[in-house]
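1. Okay, structure incoming, though there's no sequence with it:
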């Protein structure tokens, strides 16, 4: 029995017939190196946007079921064209819609979760030496209704297939060549990581480092399936995501992430809260305002208050809702500070290194960067700082934790 | 139990979001007039051409299976958008791919025949008062492989569904407003027919009057399902196609059809044929040259010969094949005459009126139009004439058989 691998290519990688032909060559060399290959693809380039636009020209409130029916065509076009491109290279290949690939989901449209994988057809195909080309992002419920998996859906398809067929690995081909210690567009000393753990990747994905969708990382972690993030254009190895990395023992902090356009809102009361803390966040959630960091302070002699951070794009909604509900929420004053950003350090090694947060705060103090809010998890420390100092903060933290150095030198 | 009806809209009728919205209104009024409605649609406008073009940019020899996978997306886009447009009018509707509609075909790609109709889901849907919007042209084989039905496939889907659910009628909405006694673009006195029989329609469809695909007419005839050909823009009744028309008794000839760009080829021998007649047409068929009329003449004292008509577009292939196979076929000379056309009169009444062909030939003689070849069936007489006299021939025959007159006056 040969080794099995799943290769996933995103929309940019298959945006034109020429790129599809390029991807076909990548697939052929993987096959020639002795693997049984399953490929998962997204819709070509802007296809999904165009389909959404078509729907919008008909109605502003399309039914979710019909949107799934519409959007599922995007990946179906790609699988047919990519299969033709492989045939043109004289490589055996066969395309599968989500339904044909046996991806059974719950009966929910636009954001369905996978419930079952009936992979016998796909397995038969690849064991015969034929490459299976599968439409990402889509599945089918037990009644044969077409469903889609929501954001990052093609990554989820790829990881779920890889887990179901016990693939050696799932390679996610994308327009970046791996996961970096920091965003290289801002911090020039950023270094590509050879390996990273699922948990670290999850923190980075959730922090907006955006290479992989958190859902697919969670899935991979659950099945202990190694993922590789790599470029569809360059040929290097990219970054391997797996349970525990060799390097973990040597390095406390693995990466620095940041996110722009944060607003801090502060709600103050004259007397202690009266159950209204829960009420605030329930009200905001009901209006789809996503709250990130929450800090509350109750001190003798000072009016109690709660601060929380949201994204700029949610600010108008948040203000409107909170002012409207002022009486119900029973607060005295509502303040905000815009022009902020969030900078985070991530690393599994923090769990056993209690001094990391202190080291971070101290370096920021030395550099004269004020800290507006703090949030921590077992493998992450986030601070909210002024946006004009965001890149400076990322740079000094990147240096402080030796992320620019090759790993062997660290200790 | 309500009356059931199937409405079919072609690619031109759904070419833009605006036209889709217009079609949605047509469907709504049909529903409001008390019918349970199934709608069958084609891909929007030039979508199929665009998909074919995409495939051609990848390979000149796409696999038939992958072409079906690719092309089936076209109708899937239309059903989703049309369903959304109906929802926008607050009409209950639900889309179905060919597979979801239970259209089971043989395991052949590009030109599959329907083997089975599992209409229980569709029936349930319309009996609940919801309009079923079905993707035309496509089906699925017993292994779940996506197949397509070939040319005129959406008409076939519509007729097959109508037959399976015992619909009162199948309405084919198109860009002409019915079936005419002759092509009105050439013969200004052409009159729209209120009714026409399946057999007449079949002859007209095969003769290139091209409103309905012959396969769907055959299907309707087998199931004795009334068809109506009508305009998707205008609101008139169009032409009803059914088994036997009221008017049939009154009118011998129902229509005049014609076809341009015909070549007559003549092959001569020095001695009587030696089994090579069959050989000629087998050879041509093997090279996909479509032969229409065949005339052979063997007269004492004259070299035996066979003439046949083909389309201009097949001429180069036919010449190449016949010259290449000259020795094998054993003929002496090969001649051809280009610049010809075929003019036909069609009518079920001819069976019992043996003088019709003579009347046709005589009128053409009087008009000085030479007849190059003749072919007859029970309800049709075709003649090959010079192309520059094609329209004249159609006009005089149209007049000769009183096709411009209202029916009550004919006798």
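-> Looks like it arrived, so ask away. Computed from a prediction, not measured in an experiment: that's the story for all the values here.

2. Would you quantify the distance from residue A:401 to residue A:394?
-> 11 Å (CB to CB, to the nearest Å). Bear in mind the C-beta positions are built from the backbone N, C-alpha and C, glycine included.

3. Three-state assignment for residue A:211, please.
-> coil (DSSP: H, G, I helix; E, B strand; the rest coil).

4. right, and it touches residue A:229 too?
-> Yes: the criterion here is CB atoms under 8 Å, and residue A:211 meets it with residue A:229 at 5.5 Å.

5. any idea what sits nearest the residue positioned nearest the centre of chain A, other than its immediate chain neighbours?
-> Central residue of chain A (CA atoms, centre = their mean): residue A:213, 2.7 Å from the mean position. Nearest non-adjacent residue to residue A:213, counting by CB to CB, 6 or more residues apart in numbering or on different chains: residue A:152, 2.3 Å away.

6. Now do the same contact list for the residue nearest to the centre of chain A.
-> Residue A:213 is in contact with A:151-152, A:155-156, A:205, counting by CB atoms under 8 Å, 6 or more residues apart in numbering or on different chains.

7. need these in CSV with neighbour count, can you?
-> Below are these laid out as CSV (neighbours: other CB atoms under 10 Å in any protein chain shown):
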residue, neighbour count
A:151, 14
A:152, 19
A:155, 29
A:156, 27
A:205, 22
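
8. What score does residue A:209 have for pLDDT?
-> Per-residue confidence (pLDDT) for residue A:209: 66.

9. rewinding a little: need the overlap of contacts for residue A:401 and residue A:394.
-> residue A:256.

10. Can you get me a residue count around the closest residue to chain B within the stretch 251-400 of chain A?
-> For the stretch 251-400 of chain A and chain B, the shortest gap (CB to the nearest CB) falls at residue A:288, measuring 23.2 Å. Residue A:288 has 9 neighbouring residues, counting by other CB atoms under 10 Å in any protein chain shown.

11. In a helix, it, correct?
-> No: under the criterion used here (three-state DSSP), residue A:288 is coil, not part of a helix.

12. For it, give me the backbone phi and psi.
-> phi 60, psi 30 (degrees, to the nearest 10).

13. That one: what's its closest spatial neighbour, skipping adjacent residues?
-> Residue nearest to residue A:288 in three dimensions, not counting chain neighbours: residue A:317, with 7.4 Å by CB to CB, 6+ apart.

14. Please apply the same query to residue A:101.
-> Using CB to CB, 6+ apart, the nearest residue to residue A:101 is residue A:134, at 4.6 Å.

15. Report how many residues lie close to the one you found.
-> 27.

16. can you check residue A:70 too?
-> Residues near residue A:70, counting by other CB under 10 Å: 27.

17. List the contacts of it.
-> A:51, A:54-55, A:62, B:76-77, B:80-81.

18. I'd like the residues you listed written out as TSV, with distance to residue A:112 and secondary structure added.
-> Listed next are these as TSV, based on distance: CB to CB, whole Å; DSSP: H, G, I helix; E, B strand; the rest coil:
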residue	distance to residue A:112	secondary structure
A:51	18	helix
A:54	22	helix
A:55	19	helix
A:62	17	coil
B:76	18	helix
B:77	20	helix
B:80	17	helix
B:81	21	helix
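
19. Show me what from chain A comes close to chain B.
-> A:17, A:20-21, A:51, A:54-55, A:57-59, A:61-63, A:65-67, A:69-70, A:72-73, A:76-77, A:79-81, A:83-85, A:87-88, A:94-95, A:97, A:99-100, A:144-146 (CB under 8 Å from any CB of the partner chain).

20. Thank you kindly, that will do.
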